[in-house]
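In: test case, fold it:
(one chain, ligands or ions: 1)
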Amino acid sequence: DWTMAGYRQQAIEAIREQVGNAHVICGLSGGVDSSVTAILLHEAIGDQLTCVFVDHGLLRMNEAEEVVTMFRDHYNIKLIHADESELFLGELEGVTDPEVKRKTIGRLFIDVFQKYADEIKDAEFLAQGTLYPDVIESVSFSGGPSVTIKSHHNVGGLPEKMGLKLVEPLRELFKDEVRALGHELGLPASFIGRHPFPGPGLAIRCPGEITRDKLDILRKADAVYIDQIRKHGLYDDIWQAFVAILPVRTVGVMGDGRTYDYACALRAVTSVDGMTADYYPFTHEFLGETATRIINEVKGINRVTYDITSKPPGTIEWE
Ligand code: XMP
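Out: Next comes the predicted model:
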């Protein structure tokens with residue numbers, strides 16, 4: 001008989017067996033997947049675990065503080081807060097191609113992990129919160145050929161030169177099962193219920209060139225949007241919601257002046273596993289109120305659009 005409590009025990013034993021006395025480093029993003037991975041590992045091997053939280057400068061508002069507080073202070077897990085935003089944003093300067101963005105970020109993540117792993121005595125393993133849908137890299141459309149849509153930065157194993165072996169305790173699970181496991185492990189509901197956030201972060205919500213200026217604007221608009229969704233009690237009905245800042249500025253009028261600022265797109269979808277998705281049917285009232293708030297509260301945006309594309313033919317993220 002399969003139960004989550006049974007899975008938890010099994011997973012803990014499997015981790016202990018795989019790892020032995022070695023040290024594990026775990027990339028912690030603050031998302032449900034890596035959070036559950038970290039807590040599970042902590043339960044299995046305690047202080048043989050060090051988490052590395054890489055701040056690539058592509059996080060949402062207040063995200064770094066929230067994650068560090070939760071894991072270091074609340075769970076007492078060894079945690080390195082690696083502020084590598086200069087490195088990532090520097091390397092991403094001038095990069096506009098979505099696949100180049102993803103590959104650049106993936107490569108830097110590995111470099112950064114390697115750097116910290118080298119400093120940790122006896123580190124032999126790298127833990128990742130890879131899920132079953134991530135494992136299926138190629139999506140095959142009925143009747144069509146198998147096509148790789150996007151390079152997931154956290155999949156595909158590690159280069160041999162890295163000299164670390166992978167621990168992936170969630171490899172067989174779908175998202176809803178990871179949430180159930182998180183619940184089983186006592187993770188607060190506020191963390192378990194969090195919308196998924198992609199490893200490449202805001203980079204793939206900023207089509208075109210990524211600049212600090214655009215990222216700042218995007219973070220503010222996203223915070224207002226999520227606040228609106230929470231205030232209207234819609235957060236848990238939605239699989240994922242975010243703002244994308246568009247690489248175009250348009251003319252507007254505000255007060256007695258002309259504005260020339262960025263346009264943004266709101267995205268919200270329902271989904272079971274992220275493989276397919278439907279756009280969320282907000283009321284016009286909600287959309288209008290949200291647009292007004294964003295334009296009033298976020299300097300740099302003067303036009304708000306709502307993305308009504310489902311997946312397929314769209315993807316959830318913009319890149
Ligand atoms: P797409 O945009 O492909 O996204 O429809 C499906 C789900 O996957 C998330 N996503 C990622 N997650 N690393 C991740 O950890 C990635 O590189 C990545 N790309 C997309 C996306 O947010 C959505 O939940």
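In: does Ile120 really touch Cys26, like I thought?
Out: No: applying C-beta atoms under 8 Å, one finds Ile120 not in contact with Cys26, separated by 11.1 Å. Using the backbone N, CA and C atoms, a C-beta is placed for each residue, glycine as well.
In: quick check: neighbours shared by the two?
Out: Common neighbours of Ile120 and Cys26, counting by C-beta atoms under 8 Å, 6 or more residues apart in numbering, are Thr50.
In: of the two, which one has the most company?
Out: More neighbours surround Cys26 than the other of Ile120 and Cys26, with 28 against 15 (other C-beta atoms under 10 Å).
In: residue contacts, the residue nearest to that one when sequence neighbours are not counted?
Out: Spatial nearest neighbour of Cys26, excluding adjacent residues (C-beta to C-beta, 6 or more residues apart in numbering): Ala127 at 3.9 Å. By C-beta under 8 Å, 6+ apart, the residues touching Ala127 are 24-27, 37-38, 41, 49, 166-169.
In: please apply the same query to Met61.
Out: By C-beta under 8 Å, 6+ apart, the residues touching Met61 are 219-220, 222-223.
In: pLDDT below threshold where in this protein?
Out: Scanning the chain for pLDDT under 70 picks out 1, 137-148, 152-162.
In: surely Leu164 meets Gln128?
Out: No: the criterion here is C-beta under 8 Å, and Leu164 misses it with Gln128 at 10.5 Å.
In: so if I had to pick from the two, which one is more boxed in?
Out: Using other C-beta under 10 Å as the criterion, Leu164 and Gln128 rank with Gln128 on top: 24 against 21.
In: that one: what's it in contact with?
Out: 26-27, 34, 37, 154, 166-168.
In: only the buried subset of these, as a ChimeraX command please.
Out: Remark: buried members of the contacts of Gln128, expressed as a ChimeraX selection using 16 or more other C-beta atoms under 10 Å:
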select :26,27,34,37,154,167,168
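In: which of the contacts of Met61 sit farthest apart?
Out: Largest separation among the contacts of Met61 by C-beta to C-beta: Lys220 and Asp222, giving 7.3 Å.
In: these two: which has the busier surroundings?
Out: A side-by-side neighbour count of Lys220 and Asp222, using other C-beta under 10 Å, places Asp222 first with 23 against 18.
In: wait, isn't that one in contact with Phe242?
Out: Yes: Asp222 is in contact with Phe242 according to C-beta under 8 Å; the separation is 5.9 Å.
In: interface residues of the stretch 201-319 of the chain facing the ligand?
Out: Applying C-beta under 6 Å from any ligand atom, we find that the stretch 201-319 of the chain lies next to the ligand at 240, 274, 311, 315-317.
In: mind redoing it with 5 Å?
Out: Contact residues (C-beta under 5 Å from any ligand atom) of the stretch 201-319 of the chain with the ligand: 274, 315-317.
In: Ala265 belongs to a strand, doesn't it?
Out: Yes: assessed with DSSP: H, G, I helix; E, B strand; the rest coil, Ala265 lies in a strand.
In: list the contacts for it?
Out: Contact partners of Ala265, counting by C-beta under 8 Å, 6+ apart, are 243-244, 246, 304-307, 318.
In: do Ala291 as well
Out: Contacts for Ala291 (C-beta under 8 Å, 6+ apart) come out as Val304.
In: mind pulling up the phi and psi values for it?
Out: As for Ala291, its main-chain torsions (degrees, to the nearest 10) stand at phi -60, psi -40.
In: what of Ile294?
Out: Torsion angles, degrees, to the nearest 10, at Ile294: phi -60, psi -50.
In: report how many residues lie close to it.
Out: Counted with other C-beta under 10 Å, Ile294 comes out at 24.
In: can you list the domains in this protein?
Out: Domain assignment for the chain by automatic domain parsing gives 4-192, 206-306.
In: picking that back up, so which of the contacts of Gln128 comes closest to Glu177?
Out: Thr37 (13.2 Å).
In: now the closest one: how far from Ile136?
Out: Using C-beta to C-beta, to the nearest Å, Thr37 is found at 19 Å from Ile136.
In: and stretch 215-225, how far out from the chain's middle?
Out: 16 Å (C-alpha atoms, centre = their mean, to the nearest Å).
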